[in-house]
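**Q** sequence isn't available, so here's the structure alone:
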């Protein structure tokens, strides 16, 4: 399934790659919110193989981008994450450490329960993030924060998620 995305202006003097330059399709849990802002929505449960495929796409995106990038990671659906899966996530973060330190403007993590916050804490204990992150109770607040993080890095992106949604709805009505 191929999805289109809105393009943003590149940071002054830097090239911004967008989804159209990535081999498609992306994993079903990974999406382009508004390039260079990407999203992940994890399911209640998954196999190690499913998680590995998703993490490969996250790594592929991160390695392809040579300008600031942001993430909104929604873990609020998770009902079960094995120690192996937490370790897989941490190992992926460790592999991306140098690129994340250079380019990740921030990751908004959406958690709605102490259980999912505990999973995030466990992953970050294994591999402490080298990028700014903040935990939010809802996606809208998290996305707004992630957008602001990109703006502070010089990326031309709308500050309000609702303004983008409104723009998309207007375009679809035409």
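**A** Structure received. Everything numeric here is computed off the predicted structure, so don't read it as measured data.

**Q** residue 39 is in contact with residue 30, correct?
**A** Yes: Residue 30 is within contact range of residue 39, at 7.1 Å (criterion: Cβ atoms under 8 Å). (Each C-beta comes from the backbone N, C-alpha and C, glycine too.)

**Q** any residues in contact with both of the two?
**A** Listed as contacting both residue 30 and residue 39 by Cβ atoms under 8 Å, 6 or more residues apart in numbering is no residue at all.

**Q** show me where this protein has its helices.
**A** Remark: helices assigned in the chain by DSSP state H are 48-64, 83-95, 97-103, 114-126, 139-152, 161-173.

**Q** so which of these gets nearest residue 34?
**A** Of all those, helix 161-173 sits nearest to residue 34, with 5.6 Å by Cβ to Cβ.

**Q** same question for that closest one, mean pLDDT?
**A** Confidence over helix 161-173 (mean pLDDT, whole number) is 58.

**Q** same deal with stretch 48-55?
**A** The model assigns stretch 48-55 a mean pLDDT of 96.

**Q** so what's the gap between it and the chain middle?
**A** Mean-position distance between stretch 48-55 and its chain equals 15 Å (Cα atoms, centre = their mean, to the nearest Å).

**Q** what residues does it touch?
**A** For stretch 48-55, contacts defined as Cβ under 8 Å, 6+ apart pick out 27, 29-30, 40, 42, 46, 82, 84-85, 88-89, 92.

**Q** one more: stretch 70-89?
**A** 33, 36-46, 48, 51-52, 55, 104-113, 115-116, 119-120, 122-123, 126, 139, 142-143, 146-147, 149-150.

**Q** neighbours around residue 144, how many?
**A** 17 (other Cβ atoms under 10 Å).

**Q** what does the one 4 residues further on give?
**A** The criterion is other Cβ under 10 Å. On that basis, residue 148 has 17 neighbouring residues.

**Q** show me what contacts the nearest residue to it once chain neighbours are set aside?
**A** Distances taken as Cβ to Cβ, 6 or more residues apart in numbering place residue 159 nearest to residue 148, at 6.3 Å, with adjacent residues excluded. Counting by Cβ under 8 Å, 6+ apart, residue 159 touches 144, 147-148, 151.
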